[in-house]
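> next input, structure requested:
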Amino acid sequence: MNTCAVQDVAALQPADHICIWDTSRWPFRYTHHGVVYTAGPTADAIVVAHVWSRVAGFRASQQDSRFMLTTLREFLSARPLRDMRRVQYNSSLLADALSRLGEVHRARADAPPVVLARCRFLLGLGQGHFSILSLNCEHVALWCTTGVGWSKQLLSRAGTGVPFVRSPSAPSTKSAHLLQRLEQTLEDLRGQARLANAQLLQLRGRRVYLRQRVAAETPQGKRSARYAKRFGDALYLVANDPHETDWAFRQQPTALRLRVQVSAYNCVQVAFEDYADPTLALCASPSALKLTKRRALQPKRGFQFELGWHGELQSLRLRRWFVGAQTRDGRLRPFSSRDKAAAFDIVDAEEADAAFRTAPEAEGAVA
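Residues are numbered from 1 along each chain as shown. All right, here's what the predicted structure looks like:
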């Protein structure tokens, strides 16, 4: 299975770079690129930002094309969903070499707020500026995602630093002002991300829990957070119902020690150890997330994960695989598609334990 394939459009997230293969001009095949602007449950609800035109005819559409918002259904333009891909960034050399042109990149994507800010800057621009060789839909989507206009299909760089700004070295007064405002906006967004990273760094070496961001519903109809708990050597997601007063029936999460390294505002790598037994480290095997002993010659990357903006954990051992939970039993394991990735929060265990103890008391006081 192609790990870039999108199996469920509802799993698309804002700032995802997507492309769709077009085979209508056989024997030539190419990809049309865009950026998810607004998520949604269906192709009619999802909004995509891309260079496009509703005008029929090749030459006329090129003259009319601009960076605009459309539904995902319009982006697909009657092409089958099975041919759509979620473009992957920060990939390995091997994955880059084995992938089709345009589906995988070695470069690192910017954080979603930065990507969306670039999209907003370009909206409505570009009419009459389209060029297959130097300024096409892939150049623009790559610029929105990374800040560099590049087409892997054509191995060409955009002729301008910022798409649709003809003279980046000597822009007009109005263009220079707009570019300055854009850069200030992007820097402010990066600053917010750095603050979030600083908060995570404060948990380094401390006792933490892994908590799924989406709360599960209890039999009583209440929402209960799910935490990672060890059974055997594997981790499972279990509900810790704060309304259960009998501790014999409470699912106590497994405490982990956090190791974190921030090499850039959009590059956060984490590793976990069993807090009770530091010789056990969290490792992603093909079938499960396991707490295992490190072997002497085992590389550190086998125990490291990249923490995504939306809380995804991506194994650095299995570069393209994301951590998710099996539906039948909640076992945490890597999945080849991001469609099945779970979102996690790394929470301070001491604060969580205090919340566990006070929740039943607060419930009783309200009653």
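> so where is the stretch 51-200 of the chain shaky, pLDDT-wise?
Scanning the stretch 51-200 of the chain with the threshold set as pLDDT under 70 gives 57-58, 92-102, 133, 152-160, 166-172.
> okay, helices next: where are they in it?
Taking DSSP state H, counting those that start in this stretch as the test, the helices found in the stretch 51-200 of the chain are 58-64, 72-76, 93-98, 112-122, 137-146, 173-201.
> would you mind extracting the C-alpha trace of stretch 180-196 into PDB?
Written as PDB, here are the backbone C-alpha positions of stretch 180-196 (Å, rounded to 0.1, in the frame of the first residue of the first chain):
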ATOM      1  CA  GLN A 180       7.100  42.800   5.700                       C
ATOM      2  CA  ARG A 181       3.700  42.200   7.400                       C
ATOM      3  CA  LEU A 182       3.700  38.600   6.200                       C
ATOM      4  CA  GLU A 183       7.200  37.900   7.700                       C
ATOM      5  CA  GLN A 184       6.200  39.500  11.000                       C
ATOM      6  CA  THR A 185       3.100  37.400  11.100                       C
ATOM      7  CA  LEU A 186       5.100  34.200  10.400                       C
ATOM      8  CA  GLU A 187       7.700  35.100  13.100                       C
ATOM      9  CA  ASP A 188       4.900  35.700  15.600                       C
ATOM     10  CA  LEU A 189       3.500  32.300  14.800                       C
ATOM     11  CA  ARG A 190       6.900  30.700  15.200                       C
ATOM     12  CA  GLY A 191       7.300  32.400  18.500                       C
ATOM     13  CA  GLN A 192       4.000  30.900  19.800                       C
ATOM     14  CA  ALA A 193       5.300  27.500  18.700                       C
ATOM     15  CA  ARG A 194       8.600  28.100  20.600                       C
ATOM     16  CA  LEU A 195       6.600  28.900  23.800                       C
ATOM     17  CA  ALA A 196       4.800  25.600  23.500                       C
END
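> shouldn't Leu182 be in contact with Leu122?
No: the pair Leu182 and Leu122 does not pass the contact test of CB atoms under 8 Å, sitting 9.7 Å apart. Placement of C-beta: from N, CA and C, glycine included.
> between the two, which one's more packed in?
Leu122 (22 against 16; other CB atoms under 10 Å).
> how about the more buried one, what does it touch?
Leu122 is in contact with Ala49, Phe67, Val140, Cys144, Pro163, Phe164, counting by CB atoms under 8 Å, 6 or more residues apart in numbering.
> could you redo the last one with a cut-off of 10 Å?
35, 49, 51, 66-68, 140, 143-144, 162-165, 182 (CB atoms under 10 Å, 6 or more residues apart in numbering).
> repeat for Gly126
Val51, Trp52, Ser65, Arg66, Phe67, Met68, Leu135, Cys137, Val140, Pro163, Phe164.
> ok, Gln202 next?
Counting by CB under 10 Å, 6+ apart, the residues that Gln202 touches are Val260, Asp348.
> show the pLDDT at it.
Here the pLDDT value assigned to Gln202 is 97.
> mind checking how far it is from Glu350?
12 Å (CB to CB, to the nearest Å).
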